[in-house]
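> Quick one, what's the 3D model for this:
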Amino acid sequence: MTTTLFDQLGGEPALRRVIQRFVDRLFADVMIGFFFARVDRARLREKEYEFAAAHLGAQVEYTGRALTQAHRGHRIFDGQFARRRTILKETLEECGVPAAVREHWLSHIDTLKDQIVLGPCQPETSDSKS
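Model prediction:
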């Protein structure tokens, strides 16, 4: 029988502990916490759980919106994306997540950057000057 990364992590109880700590840290963070000021913490925990469980190989369906749609209304820059990644990395380490699971999770997050972060700044053209 093949074990998934979800199983290696410790299944649902372990992932829920990681997600709870991660979301609490996001809300409390001085650099990016403002993004979550009007977010339902319980709902975010559930969507983060579903998203992580699905990419870690659990038979869990992610029921949230597509990432591009969910983040469209926010001006998320590289540094803010990097801060969220750092919080995730620290949380995974703090919670004793196995190295293989940590590496997969962080690599997966890195592949999503273009769906979340604003594109590069476009130079101002002469047409846009008053």
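> quick check, distance from stretch 65-84 to the centre of its chain.
Between the mean C-alpha location of stretch 65-84 and the chain-wide mean there is a distance of 9 Å, by Cα atoms, centre = their mean, to the nearest Å.
> Now do the helix or strand of the chain with the lowest mean pLDDT: everything it contacts.
Taking mean pLDDT, DSSP states H and E as the measure, the chain has helix 67-71 as its least confident helix or strand, at a mean of 74. With Cβ atoms under 8 Å, 6 or more residues apart in numbering as the contact definition, helix 67-71 has outside contacts at 64, 112, 115, 116. For the C-beta atoms, the positions are set from N, CA and C on the backbone; glycine is no exception.
> Check stretch 105-117 too.
Contacts to stretch 105-117, defined as Cβ under 8 Å, 6+ apart, come from residues 5, 52, 55-56, 66-68, 71, 76-78, 80-81, 85, 88-89, 92, 97.
> Mind giving me the PyMOL select for the residues you listed, buried ones only?
In PyMOL, a selection of the buried entries from the contacts of stretch 105-117 looks like this (16 or more other Cβ atoms under 10 Å):
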select buried, resi 5+52+55+56+71+76+80+81+88+92+97
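> out of the contacts of stretch 105-117, which are inside helices?
Assigned to helices by DSSP state H, the following of these qualify: 5, 52, 55, 67-68, 71, 78, 80-81, 85, 88-89, 92.
> Which parts of this structure are helices?
Taking DSSP H as the test, the helices found in the chain are 5-9, 11-28, 41-55, 67-71, 78-94, 99-111, 113-116.
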